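A.B. asks: with the sequence up front, the predicted model follows.
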Amino acid sequence: MLTPLSLSPSFGFGDRLGLATPGHIAAVRSTKFAPIFAQQSVRENTRTGRTPQQVMDDAKRAVDAAQWGAPWGADADHLKTVDDLPPFVEAGYTFFTVDPGDHVDNAADADSLAVLEQKVAGANWDQLSALYLHQKREQVWGQFDAETLMRATVKYGRAIQHAVTMFKRLSEMKDEFDFEMSVDETDSPTTPLEHFFIASELTRLGVRFTSLAPRFIGRFEKGVDYLGDLDALDAELAKHAAVTSHFGTYKLSLHSGSDKFSVYPLIAKHWRERIHVKTAGTSYLEALRVLAKHETDLFMKIYALGCERYEEDKRTYHVSAKLDLLPNTDDLPSLLNDFHAREMLHVTFGSALAQFGAGIRSSLVKHADAYQQGLQAHFDKHLSLLK
Ligand code: ZN
């Protein structure tokens, strides 16, 4: 049943090709996670040439065929403006991820006091300082002084306002829905204290949100494991979890959540049931693994095109792969285990689909069993570490 998932632990399976849901269903069955089977951002739709309705129809077809009777959701991901909303609402999406990242002031972390004072002039500073300064008890996520409150206000104030606008507009169009605010693609990490500020302000301003995606420390790049200090992340995730349980009204959301095998035990430990994980491109990489095994000519063409397009296509993504570090090997499926090849192939999916989309899809239909089995094994690995 397509429905809001509210506070159930949940897992997002983005599917850029419209052929991955059978594998996703096989993996998520008999886990505690409520699945999101349709999950696509405006950016992805632009690159795949699919509409929100097509993404929904592909997921529905697979759900019906597999006779999946439990709740599932559909995530309109990374919506930036109110104009992004209508096509997703019309197609029946149940989960709306609002990304006000363009309104986050990344410079606030480093601004001088004088600059902060100037910038904060437009905000309702008297009210904010009455609310957030002089709190009696220090919490594990920290305590505001005038300077940190100014930084948080400057950094996230306009983004919070934009999320409020998006929520109000959506509430006029729909009764029940999951609402997420994501700031995961900003330049600077969200501190636990800033997380507290965002959650508190959204709540105060009447936004009923069911998940929140801060930008965590370290690097969560696409389709590869975490890059950063795991001990530092462990401590930070515990503080974020403390903020979440303080409110008790929403889940923490991990974006670019695929292949973060070293991080899953940490979020399982700290976040427990209040968890949402998003994945997308890793299912495309599993499709390429099938092609690397069974359709080598087509795979070689996609690989060569990816190398050609990488520098251009990576611009809107956080990736650090280098073309000159790509492995030199005849063992094509092994490329799908290489950091540099994975990221290169991951961010060039739009170019690959524009040129070879029909061939990729027909090959995957031909090797549907292999694709389903590959996806199931790949996501079993994710989900078993999140237990
Ligand atoms: Zn994201």
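C.D. replies: Thanks, I have it.
A.B. asks: contacts, neighbours, all on C-alpha from now
C.D. replies: OK.
A.B. asks: run through the residues that contact the closest residue to A91 other than its chain neighbours.
C.D. replies: Using CA to CA, 6 or more residues apart in numbering and skipping the chain neighbours, the partner closest in space to A91 is Q53 (5.1 Å). Contact analysis of Q53 by CA atoms under 8 Å, 6 or more residues apart in numbering lists 87-88, 91.
A.B. asks: how many neighbours does Q143 have?
C.D. replies: 17 (other CA atoms under 10 Å).
A.B. asks: ok, now L170?
C.D. replies: The number of residues packed near L170 is 19, by other CA under 10 Å.
A.B. asks: state the distance from it to M150.
C.D. replies: Separation of L170 from M150 (CA to CA, to the nearest Å) stands at 30 Å.
A.B. asks: ok, A110 next?
C.D. replies: Computed as CA to CA, the A110 to M150 distance reads 12 Å.
A.B. asks: between these two, which is the more surrounded one?
C.D. replies: In terms of neighbours (other CA under 10 Å), M150 is the more surrounded of A110 and M150; the figures are 24 against 10.
A.B. asks: okay, the residue nearest to A91: pLDDT?
C.D. replies: pLDDT recorded at Q53 is 97.
A.B. asks: centre of the chain versus the helix or strand where it lies, how much separation?
C.D. replies: Assigned by DSSP states H and E, Q53 belongs to helix 52-65. Relative to its parent chain, helix 52-65 has a centroid offset of 20 Å by CA atoms, centre = their mean, to the nearest Å.
A.B. asks: again with stretch 373-387
C.D. replies: Relative to its chain's centre, stretch 373-387 lies at 18 Å (CA atoms, centre = their mean).
A.B. asks: tabulate the CA atom coordinates of that stretch in CSV.
C.D. replies: Extracted in CSV, the C-alpha atoms of stretch 373-387 (Å, rounded to 0.1, in the frame of the first residue of the first chain):
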residue,chain,number,x,y,z
GLN,A,373,20.0,-11.6,-7.8
GLY,A,374,22.9,-9.0,-7.9
LEU,A,375,20.7,-6.3,-6.3
GLN,A,376,19.4,-8.7,-3.7
ALA,A,377,22.9,-9.7,-2.6
HIS,A,378,24.1,-6.1,-2.7
PHE,A,379,21.3,-4.8,-0.5
ASP,A,380,21.3,-7.8,1.8
LYS,A,381,24.8,-6.6,2.6
HIS,A,382,23.5,-3.1,3.4
LEU,A,383,20.5,-4.2,5.4
SER,A,384,22.1,-6.9,7.5
LEU,A,385,24.6,-4.3,8.8
LEU,A,386,21.7,-2.0,9.7
LYS,A,387,19.8,-4.5,11.9
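A.B. asks: list the buried ones in it?
C.D. replies: 373-376, 378-380, 382-383, 385-386 (16 or more other CA atoms under 10 Å).
A.B. asks: show me where the protein has strands.
C.D. replies: With strands called from DSSP state E, the chain shows them at 10-13, 34-41, 73-79, 95-98, 178-182, 211-213, 251-254, 275-279.
A.B. asks: helices and strands around the second one, which ones?
C.D. replies: Spelled out, that is strand 34-41. Helices and strands touching strand 34-41, by 3 or more CA pairs under 8 Å, 6 or more residues apart in numbering; DSSP states H and E, are strand 10-13, helix 21-28, helix 52-65, strand 73-79.
A.B. asks: quick one: the residue lying closest to H367 once chain neighbours are set aside from T51, how far?
C.D. replies: Distance criterion CA to CA, 6+ apart; nearest residue to H367, sequence neighbours excluded, is V290 at 7.6 Å. Using CA to CA, we find V290 at a distance of 25 Å from T51.
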